[in-house]
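# here you go, sequence then predicted model.
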2 protein chains.
Amino acid sequence: MALYILGLGLGSLDYVTLGVLNRLKMCSEVYLDSYTSFISRELLEWLEKELGEKLKIAVRKNLEDNIDEILEKAVHRNVAILVPGDPFIATTHISIIVKAREKKVDYEILHGVSAYSAAPSITGLHIYKFGRTITLPREGDPKEVYRVIQDNMEKGLHTLILLDTADGGLTIPEALIKLLSVEESLGRKILNEDSLAIALVSLGMSNQLIKVGTIRELLSVEYPPPPHMLIFPGELHFTEIEILIKIHGAREDIVRKYRPPRYEKDRTLNYITKTRRVLKELKINEDSKHVKDVLEIAESYVEDSYSYWSSGEIYNALATIAYAEGLLDGLRIVGKISFKW
Amino acid sequence: MALYILGLGLGSLDYVTLGVLNRLKMCSEVYLDSYTSFISRELLEWLEKELGEKLKIAVRKNLEDNIDEILEKAVHRNVAILVPGDPFIATTHISIIVKAREKKVDYEILHGVSAYSAAPSITGLHIYKFGRTITLPREGDPKEVYRVIQDNMEKGLHTLILLDTADGGLTIPEALIKLLSVEESLGRKILNEDSLAIALVSLGMSNQLIKVGTIRELLSVEYPPPPHMLIFPGELHFTEIEILIKIHGAREDIVRKYRPPRYEKDRTLNYITKTRRVLKELKINEDSKHVKDVLEIAESYVEDSYSYWSSGEIYNALATIAYAEGLLDGLRIVGKISFKW
């Protein structure tokens, strides 16, 4: 006798696996998790018909509250927990197997198709160019999500944003407005109404919708109800550009000219440009060998910084340019040279 | 009539979806991609039995070479391409739908369970703590993979490494030896034989194996044949530590003391410590107000740097400490102060 933790896939009947079908037949009780994700009406009706009395809909967090009871049952009969998507992509259910192991209850896990892999796949964006994924919560501070987008863009990577599924689900326009408000407060110039984004609705269901456009455009679309997701692209490969235009109907002018903003990279180049100008314009007040030495060192650090910058080594570029600035400011403050930043 | 691009899942019969089953029945020709991934003997035999003459095994790159021919066929009858995992997680097949669209051939895509989501899921590691994923190729330079691990660790993120599936598949020991050799040449102290890693073999198949341990331990394991994968953990949450120990049998002492190396963060702290020491030990050769000004500025930059460092803003921490070093070196070279780094 065992506990089966079964991934139900993207929420339509198409994504039910033979493994799940097979395990459901063996189980005398089936708990459907209906709070971490969405499933289609068609799939719910099919489950009700197939499982009849065996099906229990677990609302809110009661799956977790009742887990001891479910584990007790799994000692004597086969019990299943059905989870939309993949069982452990949402972290909610991981503790169940730890408890099962502690209570020496046998368990088996079957994975389901997750939006975490289906979203990159359906867009045609390259999987190895995605950075960290994050969920935008309905309540609470959206700054963390903004920072993840910024970090990913810094490296030219795409960002998948899962939108909160609680209370009917956060919508794409609600999410975009939240993120624009962070931009306004942090001012890092990562997102504005002209930024490129990809809206994804109801992946794998009959009302699936994928829309590529500027935030302004995406704000004005009428979307089917959640689940909604967003992708903020990083650097686009030419094959990715081709797919966004030819398959997803993106406007060619917007996608072709798109470059992800790179806050630290741009800032470092500004420092380099500014320091190069200062080295050209500065006035030497005391023409000694030591002063010349410092200026020569500063100059070589500026050029090193530019080489690092060009090869993408931004940490090294930033360290060397800041050091050169320090050298010049030290001399300026003690009166050996004069210049303005 | 249409082209069906169908994800076959993790490679065992359990992961075939009802959607795939249904489409296969409608198709008169089915091309199985057998070169980008692995499927079990059991699944292959099932496909042969179900599909009979309709099944064509596509070896090597001939799926791509014959794609025009397949698209021609799809104008008049239903044709399927079966792809292990999810169709577009490997980038190979994305160009097919662009061609289909150009030739006005209808197509439908069904996602499959991908190792890209199943691997994080089965380990119990939190999905939103994974950084960029990358494939370690059999031939060519493994440095890029090493750099991705380093970048992810810098932010405390986990790294999933897919191992090349060509020519029988790259094995975990082969991959670990490649990565240790990069460590030897770059010397960034990211990986050594005591580093923690997770070995994943044949996810979703009957010989699935997950092994958590040091690289030294993982090098000495006898593995079932590929597909193999590796995960290098970042910062571990206590629930992740619990699962690695209780579910995957990791040694408690190794997992509890594990911290991902953070090259830039450690380096910046070294600079801060060194500059603090210099500020204490330096000898002032010319006790002027200007020299005092510079020293005060340097001191405040060192403390700013430490605050940035503590709050995880490593770019700002690095910029401010390098600037402070420059200030001090400028004064030292023109003889106003003396010290040794």
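Happy to help now that I have it. A quick note: this is a predicted structure, and the numbers were derived from the prediction, not measured. Numbers count the residues shown, from 1 in each chain, chains lettered A, B, ... in the order given.

# walk me through the domains of chain A.
Here the domain parsing of chain A from automatic domain parsing is A:3-113, A:116-256, A:263-338.

# residue boundaries of the strands in chain A?
A:3-7, A:29-33, A:55-58, A:79-83, A:107-110, A:134-136, A:159-163, A:196-201, A:209-214, A:228-232, A:283-284, A:337-338 (DSSP state E).

# quick one: closest of the ones you listed to chain B.
Counting by Cβ to the nearest Cβ, chain B lies closest to strand A:134-136 out of the strands of chain A; the figure is 5.2 Å. In this view, the C-beta of every residue, glycine as well, is placed from N, C-alpha and C.

# ok, residues contacting that closest one?
A:142, A:144-145, A:148, A:159, A:161-164, A:170, A:175, A:178-179, A:230, B:128 (Cβ atoms under 8 Å, 6 or more residues apart in numbering or on different chains).

# whichever of these end up buried, select them in PyMOL.
Command for PyMOL, covering only those of these found buried under the criterion 16 or more other Cβ atoms under 10 Å in any protein chain shown:
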select buried, (chain A and resi 142+145+148+159+161+162+163+164+170+175+178+179+230) or (chain B and resi 128)
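
# which one of the contacts of strand A:134-136 is nearest B:Tyr308?
A:Glu144 (18.0 Å; Cβ to Cβ).

# mind listing what the closest one touches?
A:Ile134.

# tell me how far the ends of stretch A:74-87 are from each other?
For stretch A:74-87, the first-to-last residue distance is 18 Å (Cα to Cα, to the nearest Å).

# wait, I meant stretch A:253-268
The straight-line separation of the ends of stretch A:253-268 (Cα to Cα) is 28 Å.

# what is the mean pLDDT for that stretch?
When pLDDT is averaged over stretch A:253-268, the result is 94.

# does any bit of that stretch sit next to chain B?
Yes. Applying Cβ under 8 Å from any Cβ of the partner chain, one finds stretch A:253-268 touching chain B at A:Glu264.

# tell me which residues in that stretch are buried?
So for stretch A:253-268, counting by 16+ other Cβ under 10 Å, buried means A:254-255, A:258, A:260-265, A:267-268.

# and which of the residues you listed is nearest to chain B?
Out of the buried residues of stretch A:253-268, the member with the shortest distance to chain B (by Cβ to the nearest Cβ) is A:Glu264, at 5.0 Å.

# so who does the closest one touch?
By Cβ under 8 Å, 6+ apart, A:Glu264 lies in contact with A:154, A:314, A:318, B:315.

# for the residues you listed, work out which two are farthest apart.
Checking those with Cβ to Cβ, the most distant pair is A:Glu154 and A:Leu318, at 11.8 Å.

# higher neighbour count, those two?
In this view A:Glu154 and A:Leu318 are compared by other Cβ atoms under 10 Å in any protein chain shown, and A:Leu318 has more residues nearby, 25 against 20.

# find the nearest non-adjacent residue to the more buried one, please.
A:Thr268 (4.9 Å; Cβ to Cβ, 6 or more residues apart in numbering or on different chains).

# isn't the one you found right up against A:Tyr306?
No. Counting by Cβ atoms under 8 Å, A:Thr268 stays clear of A:Tyr306, with 9.6 Å between them.

# between the two, which contacts overlap?
In contact with both A:Thr268 and A:Tyr306: A:Ala317, using Cβ under 8 Å, 6+ apart.

# still on that earlier bit, okay if I get the strands of chain A as JSON lines plus mean pLDDT?
Converted to JSON lines, these look like this (pLDDT from 0 to 100):
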{"stretch": "strand A:3-7", "mean pLDDT": "96"}
{"stretch": "strand A:29-33", "mean pLDDT": "93"}
{"stretch": "strand A:55-58", "mean pLDDT": "88"}
{"stretch": "strand A:79-83", "mean pLDDT": "95"}
{"stretch": "strand A:107-110", "mean pLDDT": "96"}
{"stretch": "strand A:134-136", "mean pLDDT": "96"}
{"stretch": "strand A:159-163", "mean pLDDT": "97"}
{"stretch": "strand A:196-201", "mean pLDDT": "98"}
{"stretch": "strand A:209-214", "mean pLDDT": "98"}
{"stretch": "strand A:228-232", "mean pLDDT": "97"}
{"stretch": "strand A:283-284", "mean pLDDT": "97"}
{"stretch": "strand A:337-338", "mean pLDDT": "97"}
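
# who wins for proximity to B:Leu13 among the ones you listed?
Nearest of those (Cβ to Cβ): strand A:107-110, 11.7 Å.

# in the closest one, which residues are buried?
For strand A:107-110, the neighbour count (16+ other Cβ under 10 Å) marks A:107, A:109-110 as buried.
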